[in-house]
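Novice: what would the 3D arrangement of this be:
(chains A and B)
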Amino acid sequence: MRRLFPYLRWFAAIFPHLIAVFSLFAALNSPACAREKKTLVTAASQKRGGDTQLDASASGTNFGSATSLNVAAKGSTGQASRAIVQFDLSSYPNIGVKRADMGLTVTSVGNKTGSYEVHPATNLWQESSATWTNRLTGTAWTTSGADFNATATASLTINGSSATPATYTWGITADVQSWYGGAQNFGHALLENPSVGNDVNGILFNSREAASSTPTLALTFLQQVANLKATAGNGTVTLTWTNPTTISGATSLEAYAGVLILRQVDKPVSATSVPADGTTYTACSTIGASADVVVFVDNTSAITFTDSGLCGGLTNDHAYSYKVFAVDTAHYYSTECSTATSGSGACSANGSAIVPEVVAIPSATASAQAIWVFNTLAMAASAPGINPSTSAVTGSNTLLFDIDPQTGLQIVPPVSFGGAISSRPTLIDSADDSIAQNVAYVPGQDNFVYAVNTDTGILDWIVNPVSAPFVASAGLQAKLFSGATYTLAQDLVVAGTHNGATTSANRFVALNANTGATAWTVTGNSGTVPALDIVNSAPAIDYLHGAIWFASRSNAGTAQPSLWKLDPNAGTVLFSAKLGPIDYSPTLAPLSDILFVSVNGGSLLAIDPVTGTTLASVNPGDGGLKSSVAVAGGSLPYTVVFSTSTKVWAYKFACTPVVNVCSTVTGGTFTLLWGGTAVTTPSTPLTFYPLTKVYVGGGDGKIHELDLATGVDGKQRLLNSSSGVTVGDVSIDTTLSYVIASATDGRVYAFTFPF
Amino acid sequence: MTEAMRKMNPNLVRLLALAGAMVISGCAQNTNPVPPPGAAQPVAMMLTLCNSSEQGCSDGTSFSLGNFRDLGIGVDWKNVPGGTHTQQVALVQPNGVVYQTVSHSFAVPDGMLGTPAINDVIPVAGTFITQRSQTGEWTIEVSLDGQTVGTQKFQFTE
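Specialist: Numbers count the residues shown, from 1 in each chain, chains lettered A, B, ... in the order given. Alright, predicted model coming up:
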C-alpha cells in the first residue's frame, strides 16, 4: 500500500485534469455527430423485429412473449442462456446513419462481474418460434444458441453488485451502417463471455414485452433528399430535388445546409466515392478512385441545379449520372460513413449506395433521362415485380427491396431473407387478394417461401414446404378471379422446386396465400406422377379452364415430361407432355384459348389448353427459343413476340382454316411478321394489348423499344454503357406509364414510355 | 516529470490515445471489439468448383452453360481456431458486380484447430446466367468472419 500511495496521490492530483480532458474530448465529439437523433423504443405492438431468450436448459422452449431476457454464460442449471434482439427500422428507409447505440435495461444482476457482448446475428429467425435449438419452426440454428459473428461488436462489463434497474448502452454503429449498406439485418445476439465471467444467475434484461424500459436503439442520421429528377437538354442537365425536414419527434443537432452533387459520365457514380464528414469541397474537385466530379456545392438549401458544363462540357448522347448528398451545417453528409477512409464508421464499399442518384442523356433532339435510378447496394438485381403506382419490388442477393415507383425511394428498408432471391417477386394488390394486403410472394433458394407486406416490410409468413430450393417465381391463383370450379377458400401460391440433385423427384407446391399452410404437393416419380426434373419458371394460371400450367426440364431429353397441367384444388396432374427441356414460363393468350410454350433452344409451340394438343410450331433459327412469349392482340389471330440468342422475332398465329376457331385436327399456323431484329443477348420481350411497342432489355446496357408492327428498333434508353452491363427482363407500371428494369450493375431504372 | 508520473505515463498515454481515437472516429462509442481467438497456425482453405450434377463433382475452372445445372462450391478449411465462425462465398460477375452470396456459420470447439468442409450449390440452369448467356470470367471470393481468405477465377462458356 505504501508503494502504491505515491501513484494514488499523483492520480488524485491529476484526476480533475483528466476529467477535464475527457470532458473536452466529449464536448468536441458528441454534438457534431450529425443532424437528427431519434430513439426507437421497442414495444409489444411492433410488427417487425423482436427479441427473445434462448435457453440451453429449455432448448425447445420459445420465450418470445416473455417480459425479460435472461443472459448467463452458465446459468443456474449449468447451461447458457442468451438473448437475441432485432429493432424495427421500417420507418427510416432513406437515411445515412452516423451513430447507433443499443440500450437495454437490467432489472436483476447476478453475483459476479461479467462481460456482456453483442454479436451480429447471421441467420434469419423469428421471435415467435426461435429457441435454443431452432431459429424457425422446424429449422435449427447451424449452431445451437444462435448463429452470430465470432467477433463481438461491443462488450460491457456489468458488475454483480450494480444497482438496478439500470440501462446499459452498446455502440453498434458499424453494424447498422452495414445494414444500410447492403448487409443482412438479423439483429444481434447478446451473451455473457464465458471466459470472463461465469455468473450462475446471469442478468435479466427487459424485453420489448416489459411494461416499461424496453430495448432502445438511438439513431443519429441525416435523411436523403427526395424527389430527385433530371431533365436533359441540349448539352445541359437540370436536376431538381426536395431537401429533407426533421423527422417528427427527432432531435435536431444541426440544420440541413444544402447538397453536394457528384457526377460521372457513361457509368454510375461509384458507391465508394463519398464526401468525408467535416470536409468542405469546392466545385470541380474530384472524389474517389473513379474521380467522380463535384459539380455543385450548396449551403443555401437550393432545390435545383443546371449542369451546363462548369466542370467540363456535357457531350450530347452520353449518359451522365448524378448522386445528390444532403449536407448539414457541420458538413456531415448523408452517407453510411463517419469518415471517408478509416476509423469507426469508415466507409465500406457501399458507403453511399442508397444516396439518391439519377441518370440523364443530354441530346440535341430529345430528352432521354431516367425518371429515377435505385441502387440495390451493388448486387445484381432480379426483374422487378410491379403493383402499379404502389410498389416495385426486386430481389438482390438475399435482400428484398421495396421501391415506391413514383419517387424511386425505398418504402421500407430492405427485408433480409435467409437465402438468395433469383426470381421476379409476385405482387398482388390489396383489392384483389384474399388477405386484403399489398403482398409480395417470393420463393427463395434457401427452401423457404416468403410473404412480405409491401406497405410495411413485415414478413406475413415464412414456410419451408418441402426442404428444396426455389429458383423461379411463384404463381398466384387469386380467389377473386377464379370461377366456381376453384373450391379453396383463399388465394393459392404455387411454385416448383429446383433441386439439382434429382432429375426426377422435384415437386410442385401449393400454399395457402393467407397463412403459408401447405395446400398440396406433387412429387415427381411418386404414385402415378411421372418423373419431374427441375422447375425454372413461373407457372401460368388458367382461370378459364381451372388449371395451372408448369414447365420443367426433362433430364436433357424427351423421355420425361416438361409441360404439366395441374388441378389447382388438389394438385392432380391433369395432363403432361414430353416436349424437351423448358426453362421459360408458358404464356396464355388473353382469351386463354392458346398456350404458347418455348422449348429451350428449340421451337415455339402453340398448344390447345383443353386437350394439350400441339397446334403448330416454329423455329426461326439463331439457336432456337431463348425466352418466354409476349402476346399482343386481344383475340385470335395473335401476334407473338419472342427472343432467340441475338434477335427478336414476331409471328402471327392463326388457326386453320378459320383464323379464330382452332381445331385439334386442322391446327394452326405461324406466319413471320418481322425478324429477326438484332439486339445483343435480348431479354424476354414485353408487350401486351393494346401496346404498339415492344420493350426488350439488351446485353448492351439499353432498353430497346421496337415497333410492334414492323420490328424497327426505333428508340433506346441507355441505362449503363459500361462494358458487360446486361439489362434484365423489363416490367411495366401501367398506371404511371413507366418501363422499369434491373441491370447487372445492381441498379433499377425507370423510364417513361413510349420512348 | 516525477518518478511516479514517469511510471504512470504509459497508462496516461493509453488513456489519451483512446480519447484521441474517439475524437478521430467522429462519434465516441462504447465499443470494445473482442479479437478473434488466436491461432498458432495460419488459417488456410482449399476451394473446389464443379458441375454439381456430375458424378463425383470433379474440380474444374471452365464450364459450358449448355449442359450445366448447378455450380458446386466446396471449401475445405484448415487451422480454423476455436469459436463460432461465418464463411461467405461470393459469386462475382465478369463486370465485377457481386451476383450472389452464400453464408454459413459453423463452430469449432475451443482450444481446437478446426478442419470443416463446407459445400454449397448455386443454381445456374434456368437462371439469369443461362437465359442471358452470361459467359466470361467469373470469380469466387471466399471470406471467413468478414476477411477475404481467397479467390478463384473460372469461365462460363457457351
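
Novice: I figured A:L262 hits A:A291, correct?
Specialist: No - if you go by CB atoms under 8 Å, A:L262 and A:A291 don't touch, sitting 10.1 Å apart. In this view, the C-beta of every residue, glycine as well, is placed from N, C-alpha and C.

Novice: more neighbours, those two?
Specialist: Comparing A:L262 with A:A291 by other CB atoms under 10 Å in any protein chain shown, the one with more neighbours is A:L262, at 27 against 11.

Novice: show me the contacts for that one.
Specialist: Listed by CB atoms under 8 Å, 6 or more residues apart in numbering or on different chains, the contact set of A:L262 reads A:V269, A:S273, A:P275, A:I287, A:D292, A:V293, A:V294, A:V295, A:Y322, A:K323, A:F325.

Novice: and the residues you listed, which is closest to chain B?
Specialist: When these are compared for distance to chain B (CB to the nearest CB), A:P275 wins out at 13.4 Å.

Novice: what sits against the nearest residue to the closest one once chain neighbours are set aside?
Specialist: Nearest non-adjacent residue to A:P275, counting by CB to CB, 6 or more residues apart in numbering or on different chains: A:Y333, 4.6 Å away. With contact set as CB under 8 Å, 6+ apart, A:Y333 has these partners: A:G96, A:L222, A:L260, A:V274, A:P275, A:A276, A:D277, A:F325, A:A326, A:V327.

Novice: quick one, phi psi at the second one?
Specialist: What it means is A:L222. Torsion angles at A:L222 (phi, psi; degrees, to the nearest 10) stand at phi -120, psi 140.

Novice: excluding chain neighbours, what is closest to it?
Specialist: Ranked by CB to CB, 6+ apart and with sequence neighbours excluded, the top spatial neighbour of A:L222 is A:S334, at 4.1 Å.

Novice: now do the contacts for the one you found.
Specialist: A:S334 makes contact with A:I95, A:G96, A:L222, A:Q223, A:Q224, A:V225, A:F325, A:A326, A:V327, A:V355, according to CB under 8 Å, 6+ apart.

Novice: against which helices or strands is whichever strand or helix holds A:M102 packed?
Specialist: When elements are assigned from DSSP states H and E, A:M102 belongs to strand A:95-108. Contact analysis of strand A:95-108 by 3 or more CB pairs under 8 Å, 6 or more residues apart in numbering or on different chains; DSSP states H and E lists strand A:166-171, helix A:173-180, strand A:203-206, strand A:216-223 as its packing neighbours.

Novice: export those to CSV and tack on mean neighbour count and mean pLDDT?
Specialist: Output for the helices and strands packed on strand A:95-108, formatted as CSV (neighbours: other CB atoms under 10 Å in any protein chain shown; pLDDT from 0 to 100):
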stretch, mean neighbour count, mean pLDDT
strand A:166-171, 18, 96
helix A:173-180, 24, 90
strand A:203-206, 25, 94
strand A:216-223, 22, 96
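
Novice: mind putting the ones you listed in a markdown table, distance to A:A531 included?
Specialist: Below are the helices and strands packed on strand A:95-108 laid out as a markdown table (distance: least, CB to CB, whole Å):
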| stretch | distance to A:A531 |
| --- | --- |
| strand A:166-171 | 54 |
| helix A:173-180 | 44 |
| strand A:203-206 | 54 |
| strand A:216-223 | 52 |
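
Novice: buried set for the strand holding A:M102?
Specialist: Neighbour counts over strand A:95-108 (16 or more other CB atoms under 10 Å in any protein chain shown) mark A:95-107 as buried.

Novice: which pair of those residues spans the longest distance?
Specialist: By the measure CB to CB, A:G96 and A:T107 form the most distant pair in those, at 34.9 Å.

Novice: check contacts around the residue in the stretch 651-755 of chain A positioned nearest to chain B.
Specialist: Chain B sits closest to A:G724 of the stretch 651-755 of chain A, with a gap of 3.6 Å, by CB to the nearest CB. The contact partners of A:G724, by CB under 8 Å, 6+ apart, come to A:T744, B:Q93, B:P94, B:N95, B:G136.

Novice: which of these fall within helices?
Specialist: Using DSSP state H, no member of these sits in helices.

Novice: which among the residues you listed end up buried?
Specialist: Buried members of these, counted by 16+ other CB under 10 Å: A:T744, B:Q93, B:P94, B:N95.

Novice: export the residues you listed to CSV and tack on pLDDT?
Specialist: Below are these laid out as CSV (pLDDT from 0 to 100):
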residue, pLDDT
A:T744, 91
B:Q93, 91
B:P94, 91
B:N95, 84
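
Novice: can I get these in JSON lines with distance to A:D533?
Specialist: Output for those, formatted as JSON lines (distance: CB to CB, whole Å):
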{"residue": "A:T744", "distance to A:D533": "27"}
{"residue": "B:Q93", "distance to A:D533": "27"}
{"residue": "B:P94", "distance to A:D533": "28"}
{"residue": "B:N95", "distance to A:D533": "31"}
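
Novice: farthest pair within those?
Specialist: Pairwise distances across these (CB to CB) peak at 9.1 Å, for the pair A:T744 and B:P94.

Novice: common neighbours of these two, please.
Specialist: Jointly contacting A:T744 and B:P94 under the rule CB under 8 Å, 6+ apart are A:G724, B:Q134.

Novice: parallel or antiparallel, list what pairs with the strand holding A:M102.
Specialist: For strand A:95-108, the paired strands and their directions (DSSP bridges) are strand A:166-171 (antiparallel), strand A:203-206 (antiparallel), strand A:216-223 (antiparallel).

Novice: so what's the gap between the shortest one and the chain middle?
Specialist: In other words, strand A:203-206. In terms of CA atoms, centre = their mean, to the nearest Å, the centre of strand A:203-206 is found 34 Å from the chain centre.

Novice: distance of A:V297 relative to A:T487?
Specialist: Relative to A:T487, A:V297 is positioned 65 Å away (CB to CB, to the nearest Å).

Novice: looking at these two, which is more packed in?
Specialist: More neighbours surround A:V297 than the other of A:V297 and A:T487, with 18 against 10 (other CB under 10 Å).

Novice: what are the phi and psi values at that one?
Specialist: The phi/psi pair for A:V297 (degrees, to the nearest 10) reads phi -130, psi 120.

Novice: local confidence estimate at A:F296?
Specialist: In this prediction, A:F296 carries a pLDDT score of 98.

Novice: contacts only, for it.
Specialist: By CB under 8 Å, 6+ apart, the contact set of A:F296 is A:V259, A:L260, A:I261, A:A283, A:F305, A:D307.

Novice: quick one, what contacts A:R747?
Specialist: Residues near A:R747 by CB under 8 Å, 6+ apart: A:P268, A:V373, A:F374, A:N375, A:T376, A:A381, A:L719, A:N720.

Novice: got JSON lines for those residues, with neighbour count, distance to chain B and secondary structure too?
Specialist: Formatted as JSON lines, these follow (neighbours: other CB atoms under 10 Å in any protein chain shown; distance: CB to the nearest CB, whole Å; DSSP: H, G, I helix; E, B strand; the rest coil):
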{"residue": "A:P268", "neighbour count": "26", "distance to chain B": "11", "secondary structure": "coil"}
{"residue": "A:V373", "neighbour count": "25", "distance to chain B": "15", "secondary structure": "strand"}
{"residue": "A:F374", "neighbour count": "28", "distance to chain B": "15", "secondary structure": "strand"}
{"residue": "A:N375", "neighbour count": "25", "distance to chain B": "11", "secondary structure": "strand"}
{"residue": "A:T376", "neighbour count": "27", "distance to chain B": "10", "secondary structure": "coil"}
{"residue": "A:A381", "neighbour count": "28", "distance to chain B": "10", "secondary structure": "strand"}
{"residue": "A:L719", "neighbour count": "29", "distance to chain B": "13", "secondary structure": "coil"}
{"residue": "A:N720", "neighbour count": "26", "distance to chain B": "9", "secondary structure": "coil"}
